[in-house]
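# Take a look and give me a structure for this.
(one chain, ligands or ions: 1)
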Amino acid sequence: MQFSKIKEETISLIRSWDRSKSFGVDPLYVDNDLLTGGELEDRKDRLHDLFHTSSSVLDNLYKQLKDTPFMILISDADGYILKSWGNSPFIDRARKVWLDAGANWHEKVKGTNAIGTALVEKKPISVVGEQHYCQENHFLCCYAAPLYSPTGELLGVLDVSGDVRHHQAHTMGMVIAAAQACQAHLLLESAKRELTLCIQETDTIIDGYGQPLISVDRDGMITRINQDAARILGLPSEKCIGQHLSRWFSQKDTDEILSAKGPSFVEPKLKADSSGGEKIKKWIVRPVRDQRDRVIRTVLSPKPLERKEQIQKVNVQEVKEQSPTRESGIICNCPKAKEVFRLASVVAPTDATILIQGETGTGKEVIAQSIHRTSGRSGPLVVVNCAAIPESLIESELFGYEKGAFTGAKSEGHQGKFEAADGGTLFLDEIGELSLASQAALLRVLEEKRVTRIGSHRSKPVNVRIIAATNRTLSKEVEENRFRADLYYRLCEIELFLPPLRERSDLFDLAEHFLGQMAKELGVPHISLDQVAREKIAGYSWPGNIRELRQVLRQAAYQACLLRRTSTITVQDISLPREKGLHSTIHSKSGFWNQQEEETIKMAIQKTRGNLSEAARLLGISRTTLYRKLNQYPQVREMRKRVLKS
Ligand SMILES: Nc1ncnc2c1ncn2[C@@H]1O[C@H](COP(=O)(O)OP(=O)(O)OP(=O)(O)O)[C@@H](O)[C@H]1O
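Numbering: from 1, shown residues only. Next up, the predicted model:
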């Protein structure tokens, strides 16, 4: 050993003896500090990672010392020996001085000794024979080196102890090397864990990224791929990994992708025989470089399409479409509306979130129902009218609540609409009416795909397809900060715009359909419109759209059949509000609507002689709604009383 090293060790030993004296350690009598079994196990548990990762190093060290009068010990940072390995007869002698698992060899207990002194001095040290402070330990020669965690925390000490007669200076070197190897293993393990976490984190990010992503190595083999991209390639993601890009792209395109030196666009064609579905026009290629600036990975993602392109793209799909038919109760003989239904039928079986926009009464709920019916989802369609629920209740309606969550809560708690729609579709009608606070809560559920009942700490996974609808222009609401932009983008993965009735060419198909329904209700074979009535209908702008058409025809049909006893509707039967100022009246759902509604209910009550169940059935509304309507229109109530008396 070098002189300076010896000098340094000697100074450490002198300091240690001073400390031992000041701690009041008696060199002739050791007052041992021993752990109970439970405490020993607890302390071992805390160093589990060290023991686990260092087992091969310690096994090796043990093999080297197996036939010698030496033993290996590991202590924790407080000086308690947690593990020891060794052979008798030396181990039996060592036990007599409690050089064994469970005993504390801190300087405060044992005075100067390799374990205790290495812990305090925080460096490797050997303590040989009489260098030990306590007399009973003079038969020992001990070599110890501190063990540190990857973050630099002192974990304990690795010690090799033996009979003083076998003291050899090089043993110290062996212990230092073994301690370093233990630390390296710990570091490697923690790096591996960090890497695993990183990979899991990245996988989670790329899967929820909302854009297809493919990563290939420099030979063109796929190393990572998210679900969206796998769908394009037409194979499950696990089957794509390890496949060469040339399975999907031509050799020329593959070479172009792999030779990209910086972010660029390529326009490769997916091979005709690839089993994948979507065709992408352009891909963005982003090379990933290592520390030496070499391209080691290439990430491919499709260039996002403009909305117009997206719609065209879906339209060219060879997907079996389900056009609305008369049997389904949906009339759609106009090219503009057909286009919307075509797109709806293409996206119905996917999980894409759909935003339906259109004026009031254009059939947003009708198309939502059609999407749900053809989605293949086994759960129910749950409809929530966001405008009809008071703001203070909307979150409990959507997410549910636990018992006693708030004053007035049902004692057994309440399932929210999200849970009710699990496995199915949640139709959020009039989404534009949601307050900003409720928008934030909704966004959270959409992102996490988990719902937490109010008053609960546990969240529950939900598999719900969202269809939202509004008659506001949501992008304008976003611009004016009344609707969250992030929620808007979440909701409009697919946007459907239903045309207003005045832009549809199938007005008379719709009229005929409704008149057919009314003929059934009124028990007549057929109801028709005369020419002048048709002209009046054709010349009107229908701000209340299909709903308004149905209401107007219903009133006209009742008037013609019940009051005039004819099945031909004439212009006198058709009562249209003055067009001036109509829009606001329709939108406020008051005025004109109320008059129409009141008249229609009166006729139904007359026809059914005051029987509310039958009247409700005739009107196509629930009994509860009819009761509500009777409260709203006192004159109808009075009329019913008269009908019942007569
Ligand atoms: N294509 C269609 N064929 C037959 N009936 C239709 C069609 N579209 C809509 N309707 C009828 O028109 C009425 C209004 O439709 P719906 O409730 O779906 O409109 P909406 O756009 O959701 O209205 P709001 O914005 O006021 O909620 C309903 O009675 C519906 O049955």
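
# the helices in the stretch 501-646 of the chain, which residues?
Assigned by DSSP state H, counting those that start in this stretch, the stretch 501-646 of the chain shows helices spanning 507-522, 531-538, 545-558, 582-587, 592-607, 612-619, 623-632, 634-645.

# let me redo that: the stretch 101-250 of the chain
Here the stretch 101-250 of the chain has its helices, by DSSP H, counting those that start in this stretch, at 107-110, 114-121, 170-207, 227-233, 237-240.

# Those: which one's closest to the ligand?
The ligand lies closest to helix 227-233 among those, at 30.2 Å (CB to the nearest ligand atom). In short, each C-beta sits where N, CA and C put it, glycine included.

# centre of the chain versus the closest one, how much separation?
Computed by CA atoms, centre = their mean, to the nearest Å, the chain-centroid distance of helix 227-233 equals 18 Å.

# got it, and stretch 158-176?
Counting by CA atoms, centre = their mean, stretch 158-176 comes out at 57 Å from the chain centroid.

# List the contacts of the closest residue to residue 121 other than its chain neighbours.
In space, and not counting its chain neighbours, residue 121 is closest to residue 12: 5.0 Å by CB to CB, 6 or more residues apart in numbering. The contact partners of residue 12, by CB atoms under 8 Å, 6 or more residues apart in numbering, come to 117, 121, 123, 125.

# neighbours around the residue in the chain positioned nearest to the ligand, how many?
Ranking the residues of the chain by distance to the ligand (CB to the nearest ligand atom) places residue 363 first, at 2.6 Å. Residue 363 has 26 neighbouring residues, counting by other CB atoms under 10 Å.

# give me every residue that touches it.
Applying CB under 8 Å, 6+ apart to residue 363 gives the contacts 330, 498, 545-546.

# any chance of these in CSV, with distance to residue 148 too?
Below are the contacts of residue 363 laid out as CSV (distance: CB to CB, whole Å):
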residue, distance to residue 148
330, 72
498, 68
545, 75
546, 76
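
# Just the pLDDT for the most centrally placed residue in the chain.
Residue closest to the average C-alpha location in the chain (CA atoms, centre = their mean): residue 448, at 3.2 Å. On the pLDDT scale, residue 448 is placed at 84.

# gap between it and residue 228?
19 Å (CB to CB, to the nearest Å).

# do the same with residue 100
Look at residue 100 and residue 228: by CB to CB, they are 60 Å apart.

# now residue 431
Residue 431 is 25 Å from residue 228, by CB to CB.

# Who has more neighbours out of these two?
Of the pair residue 431 and residue 228, residue 431 is the one with more neighbours under other CB under 10 Å, namely 29 against 20.

# Might one say that that one is in contact with residue 385?
No: when contacts are counted by CB atoms under 8 Å, residue 431 is not listed as touching residue 385 (9.9 Å).

# Now residue 351: closest residue in space that isn't a chain neighbour?
Spatially, and ignoring its direct neighbours in sequence, residue 351 is nearest to residue 465 (5.8 Å; CB to CB, 6+ apart).

# so what's that neighbour bridging to?
According to DSSP bridges, the residues that bridge with residue 465 are residue 425.

# Averaged pLDDT, stretch 57-74. What do you get?
For stretch 57-74, the mean per-residue pLDDT is 89.

# Check stretch 490-503 too.
The average pLDDT within stretch 490-503 is 90.

# okay, how far is it across that stretch, tip to tip?
Terminal residues of stretch 490-503 lie 29 Å apart, using CA to CA, to the nearest Å.

# Buried residues in that stretch, which are they?
490-496, 498-501 (16 or more other CB atoms under 10 Å).

# So is it next to the ligand?
No: for stretch 490-503, no contact with the ligand is found by CB under 6 Å from any ligand atom; the gap never falls below 6.6 Å.

# can I see the domain layout of this protein?
Using automatic domain parsing, the domains assigned to the chain come out as 3-191, 208-304, 324-494, 500-583, 589-646.

# quick revisit: now, which of the buried residues of stretch 490-503 sits nearest residue 520?
Of all the buried residues of stretch 490-503, residue 501 has the smallest distance to residue 520: 22.9 Å, by CB to CB.

# I'd say residue 228 and residue 240 touch.
No: judged on CB under 8 Å, residue 228 makes no contact with residue 240 at a distance of 11.8 Å.

# interface residues of the stretch 201-350 of the chain facing the ligand?
Within the stretch 201-350 of the chain, the positions adjacent to the ligand are 330-332 by CB under 6 Å from any ligand atom.
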